[in-house]
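> how would this look folded up:
(chains A and B)
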Amino acid sequence: MKNPPAFFWFKLAFRKLLNNRRFSIFFIFNLALGLAGFIALDSFKVSLDNHLGQNSKAILGADVALTSYVPFEENTLNVLEEKLPQNTLSTRKITLFTMVAAKNISRLVQITGVEDEYPFYGKMILKKNGIVESENIEQSLKFSDEVWVYPELLFMLGLSVGESIKIGEKIFRIADTIIDDPSSSFSSFGLAPRIYLGYSQMLETGLLSKKSRVSYQRLYRLPEGADLPGLNVELKNKINDFEGSESKIRILTHNRAGNNLGRLLGYINDYLGLVAMIAVFLAGIGAAYLFRNYLVHSFREISILMSLGATRQQTYRMVLWQLGLLGTGSALIAIIISLGILPLLPILLKQFLPNGFETQLSPISLMFALVLGGVGSLVFCLPVLSRIRTVEPLHLFHENIEQKIVNSSFWKKQVLSYIPLLILSWSLSVWQSHSLIVGSVFVGMLLVSILFLGCIAWLVLAMAGNLSQISGSTMKRLAFRNLQRNRTGAISCFLALALGTLLINLIPQIYQGLQEEVSRPDDFRIPSLFLFDIQQEQMETLQKTLISEKVNLNYLSPMVRARLEKVNGKNFVYSDKVALTREQERQQSFRRRNLNLSYRTELSDSEHIVEGRMLATNYDWDSGKPAEVSLEVRYAERMGLKLGDFLTFNVQEVLVEAIVTNLRRVQWNSFQPNFFIIFQPGVLEDAPSTFLGSIGGLDASGKLKIQNRIVSDYPNVSVIDVSRMVERALKISDQMVLALRLMAYLSILAGLVVVFSIARHEVDGRLWELNMLKVLGAKFSDIQKMIQIEFAVLGIFAGLFGVVLSLIMSYGISWWFFENLWKWTWPTSLASIIGVTSLSVGVASLATSRTLRSSPLTLLRAS
Amino acid sequence: MILKIKGLYKSFPQDNHKNIEVLKNLNLQVEEGETVAVVGQSGSGKSTLLSMLAGLDRQSSGSLRIRGQEISEMSEVKLTQFRAENIGIIFQQFYLMPHLTAIENVSLPLEMFGHKDSQQRSRDALLQVGLAERETHFPHQLSGGESQRVAIARAIVIRPSILLADEPTGNLDNATGIQVSNLLFDLVQTTGMTLLLVTHNIELAQRCSRQLQLNSGSFQ
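Residues are numbered from 1 along each chain as shown, chains lettered A, B, ... in the order given. Predicted coordinates:
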């Protein structure tokens, strides 16, 4: 006996789906809606990666760069440059932040000093003179004391091209505005607009010696075919041989420069991806429900096939083909929908995107969509699929299709069939969040939420069953009874609505608590101005100046640059490998940081000790004991440091031993000067330091006046307008929240499609009894009311418990991440419950009205 | 001898952990080309007997041999194959695949096993049951009698040595039932197949060469 042709089962599966068009369309549309957001995000990510990959050289302006926070020693550079291939071109670049002033307005800016050859790659475009060539830099920046500025700076300072601007101690003429800068991180995200000037002119501003943080760069253009990875290793080995500040020279390849640029957007994408996953999950619930009913109705046909000689495995194959076809169909429709969503993402995330970024649906994303559609539909329906085991063709000899008596092994297999779903969800979450912790916590919370809501749904339905026996009109009692007996459909609807409510309420709940706290206009705990780069010798005069303006410089804190050399006697090294997870990325970023130390004994209002004791008042150099330090608790966690650890710091080439004496929790959103590491007094006082402090209680005109006075009298001191910064941060988070909310709305839409599908299916399944009710005299409005009561009960309770869960979760998240900045925004909660209930009733009415309006005769025939 | 049943028992477990015996010590021998009717009240075990003859269920004890082969000793795969080659089944409720046309329904058991001449054989089978002109019709476009005739064509298309029929006219009106039973007996006579049918219908049973009364799981 031969096997059937290769596509026999496929053909049979396809014909069956064609015959069940309504099911197929609902299944496909339902899953497609869930997948669409996910696919659009994946395309967006791939587009961004491609953009950054293709433009990484332009972003860095070179193939590779050496960077340092102190000027390069000639000897050191010679040793390193020996490793470079012949014909390598090099140029210098310096970057720092400072204040600039014009016409009584001052602003923080980033100034960049460049030489003629800059940039080696990419095209910087000026508004007046077009593409920047070496001659432009030479003639304009080098010899004419001119600068090029970002257009927004002209707007901020009320200046025009041709006017002058003072930078440090030198006055420059604004020659042109920059309309495209490939090295710019984001189109308008930076707090400080950029100014380009000549490298040698930068030296003349007098700012280099007075600034705490200056970035010195050597950019290199390698000859064609040079081995960059090999060179990277050689340079790294050489730098490891250095000691002192030279050992902290960093190598920045163009690839890493591109990755750094995409990091912030990466974080946003991670969370958008997780929100999109909920849409996939909701769609999966709907798809599984639809498929369950479809499969149960297919049992008879499966039995027929088996009676004609098909094996159980062959019937599985046919159903798998159906799932494959449905999944592929869903993926294709999802791709079409995602084509509509994709252009929205760059608009929503405009602030975070590099210039010239364009989205496109990549072949990788298409493949991903198809795989996710196929695998996703299979995995979601696997628990349902396993019911084929219960089909027995011998039931064809009886009146009804009955299920096989199930035993404990059936239930074991049933439970096991959920494992692929768990694995897929967990893998997708970890992959989306790029974080083992965030991904696992997300899946854990999702599962707990589903279990919690599932239990609540069960209780609500049991309660409905009890209510059906007590009182009320016939239709009300029938509605309650229907809820109780159609538990699978009712629980699926409940979960879809409740999870959607949870999501749409959770995001604004977290955000609004945070927003309320950081933008309270009357709260003077938040300073008006934040001052940094104050030199020690300027302290006294600056304070006098401020007193003359009737303001105080608060929380004045010294800041000393240092490096962490050893932990418990072992060298503290950082990995230069590509980070695979966000945790690794953060840890590497933390470890690479140069440290800013401060010293004091008392705690500020915005911090408290969580472990250990207060630092001793003064260090005794003769004690032979290590100095006492306090670490910010999260910093300690990320660095793997704990109470009692011995740390060795290199403070301006002097090694200082210290012991971790306490761990502090800091409320960073207080915007007060705070530090990760604080020494006890008596250790760092003689080290070169700058100071920072804050000024509070100023109105807009007061801030302007003080800011201008400081910029005029102390040009090296940088001032940040805190409220402007908060406003800016909120504006940026507004955009993030908007993007997240839109993704959340996609989830609720997916949930509503589930409700639509289930409502329609339930009504179709009850045709006979609805017909009977009509024959017995029930009006259309009575039956409609019955359906509306069912879905109103589901909507109200799903909305209510979705909101309750969102409040619990938002409280937990706010407590854990945002120092308990939580406030119940009850209007949002109320609106969510009302909205979800109305939508549930509305969608159910829409889904069932055609069937309900039919005459009993039609229903009888359809039955 | 095409069918030999000896000391056949079938019992089902109940919720109270006790077993209920549906078939008790059945013995039967059927010769090739013979037509046998099994009659009995509802719950007498007729359908259970049929499901075991079709190889869709296993006996609790005893022997069941078709064409000399012991059914209970066959693996699931072997049994499926044996059924596909030797046993044609006709159900009371026709059980046609709703999404396939008449000819596709008929050719299904052949295509499932890769028979190259499935189309021609299916056409021949439809011709035999008098539905050649209805081959492209779907089940919902056919009357009850026509549907049962398609089901008969599907059962005979594999050229089985034994044909099992479970109340083949039970879902049809009297006149159509007679037409279908005429067709069935004509086919059996023409092809020499063995027919074993289960029915309540005495007239139909009397058309068989032998009638067996099944009562509480035993032949009377």
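> going forward, measure contacts and count neighbours with C-alpha atoms only.
Will do.
> Helices of chain B, residue ranges please.
B:46-53, B:76-86, B:102-111, B:118-128, B:144-156, B:174-191, B:202-206 (DSSP state H).
> Which among the ones you listed is found nearest to A:S606?
Of all those, helix B:76-86 sits nearest to A:S606, with 74.2 Å by C-alpha to C-alpha.
> who touches that closest one?
Outside of helix B:76-86, the residues within contact range by C-alpha atoms under 8 Å, 6 or more residues apart in numbering or on different chains are A:1, A:306, A:308-311, B:54-55, B:71, B:109, B:158-162.
> repeat that for 7 Å
Residues from elsewhere that reach helix B:76-86 (C-alpha atoms under 7 Å, 6 or more residues apart in numbering or on different chains): A:L308, A:G309, A:T311, B:A54, B:G55, B:I158, B:P160, B:S161, B:I162.
> Which positions within that helix qualify as buried?
Using 16 or more other C-alpha atoms under 10 Å in any protein chain shown as the test for burial, helix B:76-86 gives B:L79, B:T80, B:Q81, B:F82, B:R83, B:A84, B:E85, B:N86.
> okay, the helices of chain B in JSON lines with distance to A:G340 and mean pLDDT next?
Converted to JSON lines, the helices of chain B look like this (distance: least, C-alpha to C-alpha, whole Å; pLDDT from 0 to 100):
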{"stretch": "helix B:46-53", "distance to A:G340": "55", "mean pLDDT": "86"}
{"stretch": "helix B:76-86", "distance to A:G340": "50", "mean pLDDT": "85"}
{"stretch": "helix B:102-111", "distance to A:G340": "41", "mean pLDDT": "90"}
{"stretch": "helix B:118-128", "distance to A:G340": "47", "mean pLDDT": "93"}
{"stretch": "helix B:144-156", "distance to A:G340": "48", "mean pLDDT": "93"}
{"stretch": "helix B:174-191", "distance to A:G340": "58", "mean pLDDT": "90"}
{"stretch": "helix B:202-206", "distance to A:G340": "66", "mean pLDDT": "90"}
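> contacting residues for the residue most central in space within chain B?
Centroid-nearest residue in chain B: B:L164, 2.0 Å away (criterion: C-alpha atoms, centre = their mean). The contact partners of B:L164, by C-alpha under 7 Å, 6+ apart, come to B:G88, B:I89, B:I90, B:L195, B:L196, B:L197.
> and these, which of them are in strands?
Of the contacts of B:L164, the ones assigned to strands by DSSP state E are B:G88, B:I89, B:I90, B:L195, B:L196, B:L197.
> follow-up on the earlier one: can you add neighbour count and give the contacts of B:L164 back as TSV?
Listed next are the contacts of B:L164 as TSV, based on neighbours: other C-alpha atoms under 10 Å in any protein chain shown:
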residue	neighbour count
B:G88	28
B:I89	27
B:I90	25
B:L195	26
B:L196	24
B:L197	24
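> biggest separation within the residues you listed, which pair?
B:G88 and B:L197 (11.5 Å).
> okay, stretch A:442-456 in CSV with CA atoms only?
Extracted in CSV, the C-alpha atoms of stretch A:442-456 (Å, rounded to 0.1, in the frame of the first residue of the first chain):
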residue,chain,number,x,y,z
PHE,A,442,7.4,40.2,32.4
VAL,A,443,6.4,36.7,31.6
GLY,A,444,6.1,35.9,35.3
MET,A,445,3.8,38.9,35.8
LEU,A,446,1.8,38.0,32.7
LEU,A,447,1.2,34.5,33.9
VAL,A,448,0.4,35.6,37.5
SER,A,449,-2.0,38.1,36.0
ILE,A,450,-3.7,35.5,33.8
LEU,A,451,-4.0,33.1,36.7
PHE,A,452,-5.3,35.8,39.0
LEU,A,453,-7.8,37.0,36.4
GLY,A,454,-8.8,33.5,35.4
CYS,A,455,-9.6,32.7,39.1
ILE,A,456,-11.6,35.9,39.4
